[in-house]
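Student: Starting from these lines, generate the structure:
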Amino acid sequence: MDIKRQITRHKKQSIHYLENAFHFIKQEDAEKASEFLWGAMTQALKAVALSKDKMLKSHNDIRKYAFEFRKSGDEDIYYAFSMAQSLHSNFYETGLSMEDVNIGANEIKKAMTKLLSQIPGEN
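Tutor: Numbering: from 1, shown residues only. The predicted structure is shown next:
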């Protein structure tokens with residue numbers, strides 16, 4: 001599969017996961033919404049990384065890539081990634097309130113918009 005198709009696939013998956021997250025937020029299923037928010041954020045990061053000729057294959061690769069945004073002064077994306085990581089843990093450990101999930105969802109949505117706009121030809 002060529003790079004452009006992979007980027008498009010990650011971007012579409014990211015948006016799909018975000019839509020699913022908001023669906024489960026409406027249903028007040030914090031755990032499922034949390035996992036979809038993690039997936040949405042990671043897929044967006046993978047799409048952007050691929051557009052810059054970087055392939056992210058593991059959680060550690062994704063974490064390091066998100067940290068690069070912080071080092072370059074983009075705290076919003078790193079902050080949203082950190083929230084997504086906490087939400088990912090919520091899927092297994094549970095305990096976050098719907099309010100926590102909503103806050104994370106809004107931050108992740110903003111960061112994804114910012115991230116996906118960095119893909120060349122995507123505005």
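Student: just checking, what packs against the longest helix seen in the chain?
Tutor: Of all segments of type helix in the chain, defined using DSSP state H, the longest is helix 3-26. Secondary-structure packing of helix 3-26 (3 or more C-beta pairs under 8 Å, 6 or more residues apart in numbering; DSSP states H and E): helix 30-51, helix 98-116. No exception for glycine: its C-beta is placed from N, CA and C like everyone else's.
Student: Determine the number of other residues adjacent to residue 83.
Tutor: 23 (other C-beta atoms under 10 Å).
Student: Which residue comes closest to it once chain neighbours are left out?
Tutor: Distances taken as C-beta to C-beta, 6 or more residues apart in numbering put residue 104 closest to residue 83, at 4.3 Å, once the chain neighbours are dropped.
Student: Kindly report the same for residue 55.
Tutor: Excluding the flanking residues, the one nearest residue 55 by C-beta to C-beta, 6+ apart is residue 49, at 6.9 Å.
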